[in-house]
Structure formats: structure tokens, C-alpha cells
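Novice: structure of the sequence below:
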Amino acid sequence: MQIDILNIEGKKTGRSIELPEEIFGVEPNNHVIYLAVKQYLAAQRQGTHKVKTRAEVQGASRKLHKQKGTGGARKGNIRNPLYKGGGTIFGPKPHGWGFKLNRKVKDLAKISALSVKAKENSIIIVEDLQLETPKTKQFVGFLKNLNINVDGKKTMFIMPEYNDNVYLSLRNIPTVDGTMLSDVNTYDIMNSNYLVFTESAARIFTEEPAEA
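Specialist: Down below sits the predicted model:
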């Protein structure tokens with residue numbers, strides 16, 4: 001898959017990158033994408049929900065009245081779940097919602113997600129950004145040069161390594177997220193309308209040295 005490299009003005013630089021078909025041109029496996037997204041969202045859940053049982057609510061433990069001879073129903077203590085203020089039966093307890101996926105399944109999910117975006121022509125490669133100072137307005141202008149509507153389209157900006165000025169420039173844009181290539185996951189890919197790779201990040205797929 002041949003993709004042209006654009007400059008910060010959105011124009012072709014004359015260079016291009018051949019992205020490997022085994023990563024960007026496979027037949028997407030929708031089920032493994034579903035599993036990977038489900039695992040990611042499950043891991044985001046805190047799992048801190050908790051109710052008090054009859055052993056934890058406030059109240060005396062004495063028997064309300066004797067077992068027999070009152071003409072009423074037998075009763076234990078005031079913390080009985082049947083009474084107001086009593087404990088809760090079978091309520092939620094803190095636990096993790098995460099589950100394990102095999103490494104090969106997660107890799108296939110990520111490859112499938114990248115292939116989906118490649119088929120949608122949603123992958124853009126730009127030359128490496130050199131920002132002297134963090135400027136959100138400048139970064140928004142850069143995205144508009146790429147014909148990306150920052151008001152309605154989600155964009156994932158992918159770099160080979162952390163860049164402080166780039167991160168500070170994009171973090172205040174609600175629809176734009178920045179990450180390192182090593183941290184990209186299936187959910188991030190599928191949740192974005194556009195994937196914008198820097199040239200250095202894209203060349204990691206081809207293992208070609210960056211051109212001067």
C-alpha cells in the first residue's frame with residue numbers, strides 16, 4: 001500500500017512509503033476486533049461497586065423478641081435484610097472486570113483494525129513535526145491543511161516517541177489524541193476517523209531509514 005508523505009501545508013513532498021500488506025492489507029477479522037475492544041473497555045471499569053451485608057450495616061445484634069409465644073413471626077436482629085436499613089442480599093462486591101486475551105489474538109485485532117482504516121483511506125502520513133513551542137492554534141491549522149475537520153472527526157496522531165511540544169499543542173483539542181506508536185491499541189484505532197502517522201512512525205513498519 002503506497003501512501004504519499006505530506007508536509008505541514010498538506011501538500012505532497014514527493015516522498016512516499018510502502019506500507020506492508022501483511023499489516024495494512026489483510027482481510028479484517030471483526031470478531032477479534034470486538035474481543036480486543038471489549039477487553040479494553042472492561043479494563044477501564046473501576047469495579048468499586050459495593051453494598052453492605054447484614055454483617056456490616058449498623059444495628060444491634062440482639063434478637064428482637066423471643067422465638068415463641070408472641071403470636072407474631074419469628075425474628076432475628078434488626079439487621080435482617082427484610083427490614084428497612086438492613087443488609088443487602090447478593091449485592092455487588094468489588095472485583096475486576098478485565099479478562100485475558102492471547103497475544104496472537106490481540107496482534108491480529110490490531111492488524112485487522114489497521115487494515116480497516118487502510119481500506120477506508122483514513123491513514124495519513126506527514127513529515128515529522130518540528131515545533132519550537134507548543135501552539136494549539138498552529139496544530140489546528142496543520143490539521144485543517146490535511147482536510148481534517150477537528151470539530152466533528154476524531155483524529156489519532158501517532159508519533160515514534162514522546163514529543164512534549166506536540167503533545168502540549170494537541171491536548172486541548174477535544175477530538176484529537178496523541179500517542180506513541182508502541183502504545184496504540186485496537187480501541188484507539190477503531191475509535192478514530194483518521195490515523196495521522198509521522199514519517200518516522202510509519203517507517204518503523206517498513207524498517208527503512210528516514211530520508212534526509
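
Novice: alpha carbons only for contacts and neighbour counts from here, please
Specialist: Will do.

Novice: tell me where the longest strand sits in this structure.
Specialist: The longest strand of the chain (DSSP state E) is strand 12-18.

Novice: which elements pack onto it?
Specialist: For strand 12-18, the elements it packs on are strand 2-6, helix 199-206, judged by 3 or more C-alpha pairs under 8 Å, 6 or more residues apart in numbering; DSSP states H and E.

Novice: so which bits of the next helix or strand after it are buried?
Specialist: With elements assigned by DSSP states H and E, the helix or strand that comes after strand 12-18 is helix 21-24. Judged by neighbour count using 16 or more other C-alpha atoms under 10 Å, the buried positions of helix 21-24 are 23-24.

Novice: what's the spacing between helix 21-24 and its chain's center?
Specialist: Put simply, helix 21-24 sits 22 Å off its chain's centre (C-alpha atoms, centre = their mean, to the nearest Å).

Novice: what helices or strands is that helix leaning on?
Specialist: Helix 21-24 packs on helix 103-119, going by 3+ C-alpha pairs under 8 Å, 6+ apart.

Novice: partner strands of the longest strand of the chain, with direction?
Specialist: Applying DSSP bridges, strand 12-18 is found paired with strand 2-6 (antiparallel).

Novice: residues contacting the partner strand, please?
Specialist: Outside strand 2-6, the residues that touch it by C-alpha atoms under 8 Å, 6 or more residues apart in numbering are 12-19, 124-127, 199.

Novice: give the buried residues for that strand.
Specialist: 4-6.

Novice: dump those to JSON lines, plus pLDDT and distance to Gln67.
Specialist: Formatted as JSON lines, the buried residues of strand 2-6 follow (pLDDT from 0 to 100; distance: C-alpha to C-alpha, whole Å):
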{"residue": "Asp4", "pLDDT": "88", "distance to Gln67": "85"}
{"residue": "Ile5", "pLDDT": "89", "distance to Gln67": "85"}
{"residue": "Leu6", "pLDDT": "90", "distance to Gln67": "85"}
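
Novice: kindly calculate the angle that the longest strand of the chain makes with helix 199-206.
Specialist: 30 degrees (axes from the mean of the first three to the mean of the last three C-alpha atoms, to 10 degrees).

Novice: helices of this protein, start to end?
Specialist: 21-24, 30-44, 103-119, 136-145, 164-170, 186-190, 199-206 (DSSP state H).

Novice: average model confidence for the first one?
Specialist: In this case it means helix 21-24. Averaged over helix 21-24, pLDDT sits at 92.
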